[in-house]
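**Q** pasting the structure only:
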């Protein structure tokens, strides 16, 4: 028999399935995961792969040899035989190779899965699962593989052996947090607690996602004591999961352990290193003794209890730094004594979270922690602002810190300004954009993401883990590849069960619901978010939300069996429940707005609002009963109408009901305008005025004819010009038939000469059924520059302003390949532009790349330019998200997205508003000349992401709205 | 046959009724009113008195001789016979005598009704009607007299002849105004227009009320052109009604005549004496020619059209005065030419209304109109602020103005800050207090009151007219006689048809509904007026309003036939419709307040609110159908939920509906406190605290246990002390049974030692039906100084403040009979004190009368005293409603009810708020010593009316409320 390498391997055929050969010498974790993968294959083929210790025991004609460098004689033989190359694994971390071999060891066809280390081998095995069609989300996403009686895989390499890359980020994983009531109750129901049985599933998910690191739940749990006992920690170690504790839980000790155990160390329960240092030190010592044998990254430092500050608000910076240093010295002393004296070998992590960031930098009075030699080997774990926006990143000089940098990121948060815990509010593009920037800034040692209750986070978590594992593919080269990623993710979950149109629809649902949840989290939605009148904003959102929901419902109707369950488990309920409440709130906005005006049309929204609230209950209940109740509790977090940072005051929409007046009361208004008219009156003879036909893309103008009273009426619209066409120009409004009629005005293009301004006058005659009469005068301005006004960017006496999408630049000037790029799905609603490389800073406009736009003004004068930016934080201490702009030939001016006293914390209202709205804008005065102008925008500091530009007449105020 | 005088006269017996003897020489108006009184007697007796011209024609054994001095031979004979004394009438104005005579002229028993002049005779005839039990409101109030087959009257004098007094006020009457849609539609339906037929009824009412002067409706009417033609004016003259035109309609010309007639005078329709003076002069000349033969008071001066200013806002004072003077000179020229050159004989009136007040006073740059010699014989008609509060009154030196002063008062107004037109909002005590002050200030030449649509104003109008006719009885000696007046008014309308308890109830209804309508007019009521929480204000008001309404309903059930109709016509619907909407708004306040808190108890108010709105429609409709539809339209003005000065935006309450959460959410709160508790929580363990048992008259404290969610729960209250007793201490709250339970805590007096402070701790244990549990801690402070805390006026760390009713003074120091008096029914809710004589001003506290109060403080320190004053205006230009206060032995300080830039017009927000609220308060810092203190309040300027005094700890803010 000759030795050779192949590229394909029949895992199973009609006869049988390949056995798993895992030697006695293999890691226990490898053996256990071998069993798991064997179960995966059973799901696909219906046949259980036997796990044996020697090739001799294999009954089939094919086998999978699972082995680890240094732990396998078979592997050594293969190296010796020259079939495989030891250098593919030797000295590497978490790497595996796949090879299909005919070899001297056996006459069987062998698939070799060989790891450079335990995790390498495990990743290799799960890679086999994936090749066989098993998603990492097989359990947590109910992504059941397609059945295949015969299963042949391609190992997918370019050469004869597939060798995985070393992971991009050293420590990568997630944090289960804010886990009550959803995850906690679910785990209790399913596993009897947040115990080792539960973690067995969680660890498996982590490993399937090529992760290696995690922080356990700690709200009311004690990971190292409740497995039972140390079982969870031991299991992690067995499976190759490196455990940490969260940012404020030093030396293996869970947050609530101190209050449970302080009596073992004295009578004083104070968590103060100043007054109770000895007891706390002994408490830490025992923690180290308990967990030191397991692979861990050890959190050091100290914060107050329950994630609070250590010292009172009035303590000085020096006082604070002093007490933290004192605690760290005590911790390091324990670690040196009990683990290893050489700290380059002891993975320690200090989280630079909230106020610790201040201590990290220090101030004029005292050196910060970052320059303290004691910490040179520690991983500095930076963090976002809890809402997915990075804070300070390492400067170039800081990047050589020997311990390296990590990032604590959030997909879920419990705290200020408002929690988001119910379902997924994360968009992949933002994760890509922010985490890529972190990577570029040297944050590569540790990525950990807070996934809340875990369930419904499968989608963004997959992306985060893939990015951390293979940054080259999805990060560095990931610009505008998110859509591709989502399609591949959909394929991984559904395989061939979806048609191509269904995949498009699935993409629309995923992209759509996450966009709206990110635009405003379900918790913070209320009836006042999308303006019920201005720009017809709420109407527009409502239309799209209804469309997305109907696509989601259509898929729900079409899918069957496993595909339906997968869809329900990870997508449908998250999307439908989110979209449903958006609809309820928007309708409530209409209801309240119209009720305040006394329009009886307000009442027409009540039934649907109440149905939507009922549906909210039903959707949550339905989700809790899918898969035989497998996910009971998982959507049970409070999720709507929060009035403060926590869920205590959550509420549903409150509907309002208008009582009709006994009299004749008509109310006429242009849709999109606050002003309404009750009929000509000695103090109000002025017509309703509409100039929309002069702005942007107006296709039609609506005129609503409402009633406040019981007396019905006929209305009739008359115009003095044929420039406009009228639909529904006559009708009867009455309580018993319709309390609103809507007249539709459209342009009669044939009657219009471009460039010419028309003033069209009209009147609505109103004849009440009781014989009274009144009328409302109308006045329209119509002026078309061309057939496509939008491109003209006209600001004149009619339009008052124009809005330009940042992507619609006239010129995009790069400097040696660096410059602005359009990033799809990055804006609050559409694309946005960002300068790359992301960390590159330009101090002068003259040296910076730029984009430019045309704006046409009707007169020389003062105007305002408003930049619509995505909410981001400065990347450096003292940064203000600076960029530059200039008009025509004027010298560039600096613009700043945030003030000079901006502070990334809940005390800063501008930060909080930015987080809630997902965007912020800044406005500057500019001079325009009559005719065509060119507006230039130059790159400046990192973090500037521009979605829209508004140019308006100085003195004109745009009406309130959420999006403009 | 011997001549003699008697005191009683049989008007009718079983045989027949006395004939009316009115000589051929009598005034036509006397003859016509003779017919009217004869109809009155028919209503009483069922027999029609014949009207004959001579005694010889009388068939009966009894006759009523109706005659006027100088117009009757019979009367001359009686003088000659010596039976009557010519001096009882000669030289007197509007006086009549009644005498029962056996005389030489005839063998019949004669009742002589003799007038000094036409009106005297007419008043005498209507006096007979009243003696026969016919109310002046027989038509307008459907006050049908009791039937009596035999009718004997007493003439009611002390001597043998009854001689009436001369009327107190020279011109006295009312103005029908703001007459659409109610009066206008009613008159059109009933009489075919606001024409002579209509005015026949109105004039009759005026004369029955002893009035002599009126302004006709002019919103869209033209009194002298639409009778038809001059008929209405001619009728007035015939009946002795002196006509005027309103304050801005000079020289007999109605407001809208100019626009109808300007073409007779030229092409220019501008109402500007500057640019169109000639045409306007000719227009006035024709007006004088048209009306000069009728008895009138001629309005002079000039305002803009539609009751606006004449010149633009930027005109100077001198410009304005100049143009007014020019117009007046032109008017006077016409009057001298066409009527009489001696202006002491031509009654002219200039209204000092709105901006004319400024011209009246002038300023540093120019002399005001008041000192212009041209106007020395003109009546200066002063006015209130349109809301029943007098403005400037004549100073002592001004009172000798030869033309005299008048007052234009309002019971109804269309304008700023908000109109009150629907029903009666006037309380008699205020009318007494203000008009008495006017009289005291020399305003005795003319009283005219705007009665809006007239209907439902019968009650305050009767009082106004009686005050004007006989100021001695009801004005000068009227202090605290309003209740007596109301009972007499009730007697005049209902006679013996009511039992004594029913009269008490009728008084309660009249006093009650007018008090609440005055406290907040129906138009301006809304759900935010009475605070739904603080001081349990809305609850307290709701309770009394429900009680008054139930008394009104009870009377409605009990009364029958004529009495029922009288009640419905003047009292019941006005009261019930007003009270009904107050209830609806208060319930809506609870509904909104609880909805904002998410309490499902909010929903329990919806049904009644909707029923009340439906009842509002029904009550108006029912009123419109009483007496066979006689008063159709009369309650049709918009009347609720005004959002601006006019009725365009009127609205009904908008109800709110809360959707239950799916979860367990209890909500516990002390009634009267904003704070509520959702169960102990790591950020909110603080107990609910109640200190009410330390303040004022608290008898019980309520604790509401509400729910926001679907999951029911048991609660149980436990206390650590027997100082408090508990009712409803246990219970179950659930959507299906009760969404609120209320625990009642009362003092266990036996367990309390006065003067000792008890801190009672308690807990509400809450066990949800789903197994969850929570609790709320309670803490009460209990401290009783004595059994009647109120009298102690304690301000300590528990109470924080005390409120003292102004009437509860410890001392009331008069200075030679002048000083404060308690005036019943004058405060917003209760009595108030005012210094008399009303116009007496004290510049120094040392010379002023004062009242004093005891206040007990728990420590030396700074406190605030807040004076609750009725809304009034200064009586003199530049006045600030000054008064004085002092504490203990400190020197008196000045206090001011209004600021030094106070302006009695809609532009002044403090005036507008005062008008809307009916009260205002001012606050000053004081020092108190520990223990008992004495607070003195001294009289100062006229117009200071004090209802309550609040003393509080400095720095403590009282919660928002309408009444405190």
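**A** In hand now; what should we look at? For clarity, every value in this text was computed on a predicted model and none was experimentally measured.

**Q** before we move on, what SS does the residue lying closest to residue A:365 once chain neighbours are set aside have?
**A** In this structure, residue A:365 finds its nearest non-sequential neighbour in residue A:318, 5.5 Å apart by Cβ to Cβ, 6 or more residues apart in numbering or on different chains. Any C-beta I mention is one placed from the backbone N, CA and C, and that applies to glycine too. On the three-state scheme (DSSP: H, G, I helix; E, B strand; the rest coil), residue A:318 is labelled helix.

**Q** Let me know whether residue A:318 touches residue A:368 as I believe.
**A** No. The pair residue A:318 / residue A:368 is not scored as a contact, 10.9 Å apart, by Cβ atoms under 8 Å.

**Q** Could you report the neighbour count for the closest residue to chain B within the stretch 351-500 of chain A?
**A** Closest to chain B within the stretch 351-500 of chain A is residue A:415: 11.6 Å, counting by Cβ to the nearest Cβ. Neighbour count for residue A:415, taken as other Cβ atoms under 10 Å in any protein chain shown: 16.

**Q** can you check residue A:862 too?
**A** Neighbour tally, residue A:862, other Cβ under 10 Å: 11.

**Q** contacting residues around it?
**A** A:925-927, A:954 (Cβ atoms under 8 Å, 6 or more residues apart in numbering or on different chains).

**Q** What parts of chain A come near chain B?
**A** A:306, A:595-596, A:598, A:606, A:610, A:613, A:617, A:620, A:638, A:646, A:648-663, A:678, A:681-683, A:708 (Cβ under 8 Å from any Cβ of the partner chain).

**Q** do that again at 6 Å, thanks
**A** Contacts of chain A with chain B, taken as Cβ under 6 Å from any Cβ of the partner chain, map to A:595, A:598, A:613, A:617, A:648, A:651-652, A:654-659, A:662, A:678.

**Q** and residue A:923, how many neighbours?
**A** Considering only other Cβ under 10 Å, residue A:923 is surrounded by 12 other residues.

**Q** Can you spell out which residues form a bridge with it?
**A** Counting by DSSP bridges, residue A:923 forms beta bridges with residue A:866.

**Q** and residue A:466, how far is that from residue A:168?
**A** 10 Å (Cβ to Cβ, to the nearest Å).

**Q** In the host helix or strand of residue A:114, which residues are buried?
**A** Using DSSP states H and E, residue A:114 sits in strand A:106-115. Using 16 or more other Cβ atoms under 10 Å in any protein chain shown as the test for burial, strand A:106-115 gives A:106, A:108-115.

**Q** could you pull out the strands for the stretch 751-900 of chain A?
**A** Here the stretch 751-900 of chain A has its strands, by DSSP state E, counting those that start in this stretch, at A:757-768, A:773-783, A:794-795, A:801-805, A:811-813, A:819-823, A:832-836, A:850-857, A:861-870, A:882-887, A:893-896.

**Q** Okay, the residue nearest to residue A:365 and residue A:617: tell me how far apart.
**A** 54 Å.

**Q** so how far is residue A:468 from the nearest residue to residue A:182 once chain neighbours are set aside?
**A** In this structure, residue A:182 finds its nearest non-sequential neighbour in residue A:453, 4.0 Å apart by Cβ to Cβ, 6+ apart. In this view, residue A:453 and residue A:468 are 21 Å apart by Cβ to Cβ.

**Q** re the thing from before, out of the strands of the stretch 751-900 of chain A, which gets nearest to residue A:907?
**A** strand A:893-896 (19.9 Å; Cβ to Cβ).

**Q** mean confidence for that closest one?
**A** The average pLDDT for strand A:893-896 rounds to 98.

**Q** just stretch A:732-748 next, same as before
**A** Here the average pLDDT along stretch A:732-748 is 96.

**Q** One more: stretch A:592-602?
**A** On average, stretch A:592-602 scores 97.

**Q** List the buried residues for it?
**A** A:592-595, A:597-602.

**Q** now do stretch A:687-702
**A** A:687-688, A:690-695, A:698, A:701-702.

**Q** Now find how far off-centre it is within its chain.
**A** With Cα atoms, centre = their mean, to the nearest Å as the basis, stretch A:687-702 stands 37 Å off its chain's centre.

**Q** Please apply the same query to stretch A:5-25.
**A** Distance of stretch A:5-25 from its chain centroid, counting by Cα atoms, centre = their mean, is 40 Å.

**Q** which residues are contacting it?
**A** Residues outside stretch A:5-25 that contact it (Cβ atoms under 6 Å, 6 or more residues apart in numbering or on different chains): A:31, A:34, A:38, A:45, A:47, A:49-53, A:55, A:58, A:60, A:62-66, A:71-72, A:99-101, A:111, A:150-155, A:160.

**Q** Let me know the average pLDDT across it.
**A** Throughout stretch A:5-25, pLDDT has a mean value of 95.

**Q** I'd like the distance between residue A:73 and chain B.
**A** When Cβ to the nearest Cβ, to the nearest Å is the yardstick, residue A:73 and chain B sit 57 Å from each other.

**Q** Report the separation between the closest residue to that residue other than its chain neighbours and chain B.
**A** In space, residue A:73 comes closest to residue A:23 once its chain neighbours are excluded; the distance is 6.8 Å by Cβ to Cβ, 6+ apart. Residue A:23 is 51 Å from chain B, where distance means Cβ to the nearest Cβ.

**Q** what are the phi and psi angles of residue A:23?
**A** phi -70, psi 160 (degrees, to the nearest 10).

**Q** closest point of the stretch 1-150 of chain A to chain B, which residue?
**A** Closest point on the stretch 1-150 of chain A to chain B, by Cβ to the nearest Cβ, is residue A:142, at 24.0 Å.

**Q** what's the closest non-adjacent residue to that residue?
**A** Of all residues not flanking residue A:142 in the chain, residue A:569 sits nearest, at 3.9 Å (Cβ to Cβ, 6+ apart).

**Q** and what of residue A:612?
**A** residue A:584 (3.7 Å).

**Q** returning to that earlier point: quick one: buried ones out of the contacts of stretch A:5-25?
**A** Using 16+ other Cβ under 10 Å, the buried ones in the contacts of stretch A:5-25 are A:31, A:34, A:38, A:45, A:47, A:49-52, A:55, A:58, A:60, A:62-66, A:71-72, A:99-101, A:111, A:151, A:153, A:155.

**Q** and these, which of them are in helices?
**A** A:31, A:34, A:38, A:45 (DSSP state H).
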